[in-house]
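K.L.:
Take a look and give me a structure for this.
(chains A, B, C and D)
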2 protein chains.
Amino acid sequence: MAQYYDAALAPAGLKGTQVALLNAVSLLDRPGMQRLAAALGMDRTTLTRNLRPLEVRALVALWPGEDQRERHVSLTGAGRATLAEALRLWEAAQEQLVSRLGADRARRVLDDLEDLSALARDA
Amino acid sequence: MAQYYDAALAPAGLKGTQVALLNAVSLLDRPGMQRLAAALGMDRTTLTRNLRPLEVRALVALWPGEDQRERHVSLTGAGRATLAEALRLWEAAQEQLVSRLGADRARRVLDDLEDLSALARDA
DNA sequence: GGGCGACAAGTGTATATGCACATATTTGAT
DNA sequence: ATCAAATATGTGCATATACACTTGTCGCCC
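P.N.:
Residues are numbered from 1 along each chain as shown, chains lettered A, B, ... in the order given. Presented below is the predicted three-dimensional model:
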């Protein structure tokens, strides 16, 4: 599945995890590393390293917070544009799968996986 | 999910991917690298490297085939014993999730994921 | 029987991931 | 005012994964 989405996103020059990352940043009003990592269900240190190439490509910008230990992330103009393109590609890819699987089953499997991951997390 | 199963398997000293690997070997009558990798849906070169620690621990043995290019894998006695223990742990972990999710939904989500991955593979 | 293309597998390199540890800053108790 | 504990983050190491390239062997065609 990850490979399928990565292939679909290639025209935007992003991978699935990078789109998820940019999207989370766009939804979260300048989050710090911890909030962002928690929102993505990703290890804090993995986030640090995944952020680097996006910073190099100037898709995100990092700012110190008032608390100088913190580093806050925001999208640049280029980041917003690239994310918008990637989300179009993502949705087209999703559309492909949903139309072939059936909308009902697609909805259902997402719900089931949500519950399953919650169970595994708490168990 | 992977982390949940890894934690459950820790007493056997194996991770989820390693159990899947040993199990595939036990089902496949001395397969070569390519057949085994295909059966696991794993890259051939990833398999080579994942096999190494299992060979070091003497859970699997590697044999040249009649065709000397090939290397065939089989379980050692220790490999069979460790796999049996791991499968017990695996099933207990699975039981936990299935009982909490409901047997019907559990069966359903496995079927749905099977179909989804086939779709993504072919698309 | 010689050589060339096909084929099985391993190695080099790059990215993703996460735990343990290190570093820098803030906060609070005295 | 000072210092220790808490907190936010980065780094070192180890593992998993996969693509591109290399190496060794086989088979066939002449």
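K.L.:
for chain A, what spans make up the helices?
P.N.:
Ranges of helices in chain A, per DSSP state H, are A:2-9, A:16-27, A:33-40, A:44-56, A:77-101, A:103-122.
K.L.:
Now find how far off-centre the last one is within its chain.
P.N.:
So the one you mean is helix A:103-122. 18 Å (C-alpha atoms, centre = their mean, to the nearest Å).
K.L.:
Run the contact check for it versus DNA strand C.
P.N.:
No. Against DNA strand C, helix A:103-122 shows no contacts by C-beta under 7 Å from any atom of the strand, the least distance being 11.6 Å. In short, each C-beta sits where N, CA and C put it, glycine included.
K.L.:
Using PDB, write down the CA coordinates of that helix.
P.N.:
In PDB, the C-alpha atoms belonging to helix A:103-122 read as follows (Å, rounded to 0.1, in the frame of the first residue of the first chain):
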ATOM      1  CA  ALA A 103     -17.300   2.800  -1.200                       C
ATOM      2  CA  ASP A 104     -19.000   0.900   1.600                       C
ATOM      3  CA  ARG A 105     -16.100  -1.600   2.100                       C
ATOM      4  CA  ALA A 106     -13.600   1.200   1.800                       C
ATOM      5  CA  ARG A 107     -15.300   3.200   4.600                       C
ATOM      6  CA  ARG A 108     -15.600   0.100   6.700                       C
ATOM      7  CA  VAL A 109     -12.000  -1.000   6.400                       C
ATOM      8  CA  LEU A 110     -10.800   2.500   7.500                       C
ATOM      9  CA  ASP A 111     -13.100   2.300  10.500                       C
ATOM     10  CA  ASP A 112     -12.000  -1.200  11.400                       C
ATOM     11  CA  LEU A 113      -8.300  -0.300  11.100                       C
ATOM     12  CA  GLU A 114      -8.800   2.700  13.300                       C
ATOM     13  CA  ASP A 115     -10.300   0.500  16.000                       C
ATOM     14  CA  LEU A 116      -7.700  -2.200  15.600                       C
ATOM     15  CA  SER A 117      -4.800   0.200  16.000                       C
ATOM     16  CA  ALA A 118      -6.400   1.700  19.100                       C
ATOM     17  CA  LEU A 119      -6.700  -1.800  20.500                       C
ATOM     18  CA  ALA A 120      -3.100  -2.700  19.700                       C
ATOM     19  CA  ARG A 121      -1.900   0.600  21.200                       C
ATOM     20  CA  ASP A 122      -3.800   0.100  24.500                       C
END
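K.L.:
got the angle between that helix and helix B:103-122?
P.N.:
Helix A:103-122 and helix B:103-122 meet at an angle of 110 degrees, taking axes from the mean of the first three to the mean of the last three C-alpha atoms, to 10 degrees as the criterion.
K.L.:
can you check the second one too?
P.N.:
Going by the same axes, to 10 degrees, helix A:16-27 is angled at 110 degrees with respect to helix B:103-122.
K.L.:
B:Arg69 is nearest to which of the helices of chain A?
P.N.:
helix A:2-9 (27.9 Å; C-beta to C-beta).
K.L.:
Against A:Pro53, how distant is A:Gly13?
P.N.:
Distance of A:Gly13 to A:Pro53, given as C-beta to C-beta, to the nearest Å: 10 Å.
K.L.:
What of A:Leu14?
P.N.:
Taking C-beta to C-beta, one finds A:Leu14 at 10 Å from A:Pro53.
K.L.:
Between the two, which is the more surrounded one?
P.N.:
Each of A:Leu14 and A:Pro53 has its neighbours counted (other C-beta atoms under 10 Å in any protein chain shown); A:Leu14 has more, 24 against 13.
K.L.:
Need the per-residue pLDDT for that one.
P.N.:
Looking at A:Leu14, its pLDDT reads 93.
K.L.:
on that earlier part again, now render the helices of chain A as JSON lines, adding distance to DNA strand D.
P.N.:
What follows is these, written out as JSON lines (distance: least, C-beta to the nearest atom of the strand, whole Å):
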{"stretch": "helix A:2-9", "distance to DNA strand D": "6"}
{"stretch": "helix A:16-27", "distance to DNA strand D": "13"}
{"stretch": "helix A:33-40", "distance to DNA strand D": "3"}
{"stretch": "helix A:44-56", "distance to DNA strand D": "3"}
{"stretch": "helix A:77-101", "distance to DNA strand D": "17"}
{"stretch": "helix A:103-122", "distance to DNA strand D": "17"}
